[in-house]
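Q: have a look at this prediction, sequence included:
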Amino acid sequence: MKYSQNVFPVLIGLVLLMFISIDSKSQTPVIKFGEAVILRDITPAPHSKNIPLKWINVNTDETTWSKHKKILICSGKPIGVMRSEKQYENFILHIEWKHIEPGGNSGVFVWSGADPAEESRLPDGVEVQMLELDWVKINTKDGVVPPEAYVHGELFGVGGVKTVPDNPRGTRSKSVENRCLGRGNWNIYDVICVDGVIKLSVNGKFVNGISQSSKSKGYLCLESEGAEIHFRNIKLVELPSGKASKQNK
């Protein structure tokens, strides 16, 4: 097949345009895990269906996250996060987790910008802490054992995000009752996030909360922080929008 000389510059231009249009920093969904349902009103519409949650690797390895049947496994290495495809404002998050190693460290960030700091490799937002019970023993310093409540669902702002703790431990909010189970056991968190207020239920009872968060819309981030952790039954109910949407109009 013969081409005129004028065709080749056009083809070259198209190829260059294609490469220019690709953002070298763009991220694509790497894993589907969990379900989401959107509520425009208090009750779901009759035709509403659950939507698979898509997660995007931000700064971990391809092997950090894997699925085994109905379980999402995080190796804990390297430190970093995987974020939700979408940003969320008002929602209810149900998530079940269990640590495999003594003193395991992890958590979920809500209302995050999902732009990790270079040094910590972790993003901003409000962290819902997930620590294995032996963490306080392993991290004893100068004979001082950290408060046990620290590992039972502590809530705190990260990366400049400010909050008002319900149960203050400095700027953090500790659980009023220790309800988390140790490694090898599943724990259930129900996290209600509405207009800068968060309430946390641990294994069937509300025990912690924060209010007046300086940030009330953003991504969800699952944290990899050095130890293997398993997740299952991640479900998100997206609630009607509130003050964050009004501020952005």
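A: Yep, that arrived. Residues are numbered from 1 along each chain as shown.

Q: and the most centrally placed residue in the chain, what helix or strand is that in?
A: Geometric centre of the chain, nearest residue: Cys221, 2.3 Å, by CA atoms, centre = their mean. Of the helices and strands defined by DSSP states H and E, Cys221 is found in strand 218-224.

Q: kindly export that strand (C-alpha atoms) in PDB.
A: Written as PDB, here are the backbone C-alpha positions of strand 218-224 (Å, rounded to 0.1, in the frame of the first residue of the first chain):
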ATOM      1  CA  GLY A 218     -12.100  13.300  50.400                       C
ATOM      2  CA  TYR A 219     -10.900   9.800  49.600                       C
ATOM      3  CA  LEU A 220     -10.900   6.700  51.800                       C
ATOM      4  CA  CYS A 221      -7.400   5.300  52.200                       C
ATOM      5  CA  LEU A 222      -6.500   1.800  53.400                       C
ATOM      6  CA  GLU A 223      -3.200   1.800  55.200                       C
ATOM      7  CA  SER A 224      -0.200  -0.400  54.800                       C
END
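
Q: what pairs with that strand, and is each one parallel or antiparallel?
A: strand 80-88 (antiparallel), strand 105-112 (antiparallel) (DSSP bridges).

Q: this structure: helices as residue ranges?
A: Secondary structure of the chain (DSSP state H): helices at 7-20, 135-138, 243-248.

Q: got the contact list for stretch 173-180?
A: 131, 133, 147-156, 163, 165-168, 187, 200, 202-205, 207-210 (CB atoms under 8 Å, 6 or more residues apart in numbering). The way it works is simple: take the backbone N, C-alpha and C, and place the C-beta from them, glycine included.

Q: make it 6 Å
A: 148-149, 152-155, 165-167, 187, 202-203, 207-208, 210 (CB atoms under 6 Å, 6 or more residues apart in numbering).

Q: which of these fall in strands?
A: Here DSSP state E is the test, and the contacts of stretch 173-180 give 155, 165, 187, 202, 207-208, 210 as lying in strands.

Q: closest one to Pro78 out of those residues, please.
A: Proximity of those to Pro78 (CB to CB) peaks at Asn187, which lies at 24.1 Å.

Q: please compute how far stretch 202-220 lies from its chain's middle.
A: Distance, stretch centre to chain centre, for stretch 202-220: 12 Å (CA atoms, centre = their mean, to the nearest Å).

Q: going by neighbour count, which residues of that stretch are buried?
A: 202-203, 207-210, 213, 215-220 (16 or more other CB atoms under 10 Å).

Q: I'd like those residues as CSV, with distance to Ile92 and pLDDT appended.
A: Shown next, in CSV, are the buried residues of stretch 202-220 (distance: CB to CB, whole Å; pLDDT from 0 to 100):
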residue, distance to Ile92, pLDDT
Val202, 15, 98
Asn203, 16, 98
Val207, 16, 97
Asn208, 15, 98
Gly209, 14, 98
Ile210, 16, 98
Ser213, 16, 98
Lys215, 18, 98
Ser216, 15, 98
Lys217, 15, 98
Gly218, 16, 98
Tyr219, 16, 98
Leu220, 12, 98
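
Q: in CSV: those, plus distance to Ile51.
A: Output for the buried residues of stretch 202-220, formatted as CSV (distance: CB to CB, whole Å):
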residue, distance to Ile51
Val202, 27
Asn203, 27
Val207, 30
Asn208, 28
Gly209, 28
Ile210, 28
Ser213, 26
Lys215, 24
Ser216, 22
Lys217, 19
Gly218, 19
Tyr219, 16
Leu220, 14
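
Q: closest to Pro116 among those residues?
A: Among those, and counting by CB to CB, the member closest to Pro116 is Tyr219, at 11.4 Å.

Q: OK, contacts around the closest one?
A: Neighbouring residues of Tyr219 by CB under 6 Å, 6+ apart: 83-84, 87, 112, 114.

Q: now Ser84
A: Neighbours of Ser84 in contact, by CB under 6 Å, 6+ apart: 219-220.
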